[in-house]
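> output the structure for:
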Amino acid sequence: MTEETSSPQSSTFTTLPWDGGRRVSLFDAHLERLEEHAGRLGLAWPSGSEESVKSAVLEAMREALESPPEKPDKSTIGFLTVRLNGVEEFTAEARWVKEYPNPLTATAVAAPRWGEGVTGTKHADWKPYSEAAKLAAERGCDIALLVDGDVVIDCCRATPLLLDDDGTAWYPDPALGSIESVTLRCARTHLEAIGIPLSSGRLTKTLFSRARSFVAVGTGVGAIRIASLDGQPIGDDSSLFPTRCAEAVEKAFSESWLQIPEE
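Numbers count the residues shown, from 1 in each chain. Just a heads-up that it's a prediction; the model follows:
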């Protein structure tokens, strides 16, 4: 699937966990967000969308299984990206991703901005996110945190989650321009069940200065500790927070695997 760099409103997409076979996870939650983002971008939502998405996913799985993409020596679960274009057509692509190092190192990159209704969605003009990831690699870091002044707005490949010294876990407020994380939303119940409340807000320098731990959460990373930002340590490795987050994400995935039936 070629990365689009034209009008942001020309398409929207979402990326699901894929087991390398015939199953994807968090299907309903990703479909719900895809529809929401389509509405925000002014894209028509087709009737019979669920079956159309499943047909596109099934086709992508067949192609992947007939001509398997090269699987890295180390891998997490695969990706399966579903895209809706401006002519009410769904397409899908399956691929593998390399395992991220643990812990991660991060660098700060200016957060991209678009017009109202576009910022905070997964849209066609994704190049600034890809460029942020490339810049992180050039700086010898694993991921880029997208910042506006001294506030962390988002992350190029995940959602940042910071454990404050009072035990509250903070993630960027979507009203500031972050993309809502399906993975975090589905793992939230498991985290709060073990006494870790989640709140959205402004992730500022002050909050970072007293952070006990910092984690990246998402389809590709699962949940992995972010140890530093531009060489400055964040928290320490004594907290069990990254482990608890990883367990919560794994539970969310395992409870939601969906077998895509043959048509």
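
> in the lowest-mean-pLDDT helix or strand in the chain, what counts as buried?
When each helix and strand of the chain is scored by mean pLDDT, DSSP states H and E, helix 205-209 comes last, with a mean of 93. Of the residues in helix 205-209, 207, 208 count as buried by neighbour count, 16 or more other Cβ atoms under 10 Å. Placement of C-beta: from N, CA and C, glycine included.

> export it as CSV, just CAs?
What follows is helix 205-209, C-alpha atoms only, in CSV (Å, rounded to 0.1, in the frame of the first residue of the first chain):
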residue,chain,number,x,y,z
LYS,A,205,8.0,19.3,31.7
THR,A,206,6.7,19.5,35.2
LEU,A,207,4.9,16.2,34.9
PHE,A,208,7.9,14.6,33.4
SER,A,209,10.2,15.9,36.2
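
> quick one: average confidence on the helix or strand following that helix?
Heading C-terminal from helix 205-209, the first helix or strand you meet, by DSSP states H and E, is strand 213-218. Across strand 213-218, pLDDT averages out at 98.

> check contacts around residue 153.
Listed by Cβ atoms under 8 Å, 6 or more residues apart in numbering, the contact set of residue 153 reads 111, 146, 147, 172, 176, 177, 178.

> which stretches of the stretch 101-250 of the chain form helices?
127-138, 182-193, 205-209, 241-254 (DSSP state H, counting those that start in this stretch).

> what does the longest one contact?
It stands for helix 241-254. Contact with helix 241-254 is made by 17, 25-26, 77, 103, 161, 163, 169, 183, 186-188, 190-191, 194, 196, 212-213, 215, 217, 222-225, as judged by Cβ under 8 Å, 6+ apart.

> any of the residues you listed buried? List them.
Using 16+ other Cβ under 10 Å, the buried members of the contacts of helix 241-254 are 17, 25-26, 77, 103, 161, 163, 169, 183, 186-188, 190-191, 196, 212-213, 215, 217, 222-225.

> map the structural domains onto the sequence of the chain.
8-98, 104-252 (automatic domain parsing).

> compare the ones you listed and say which comes out lowest on pLDDT.
Of all these, mean pLDDT reaches its minimum on domain 8-98 (a mean of 91).
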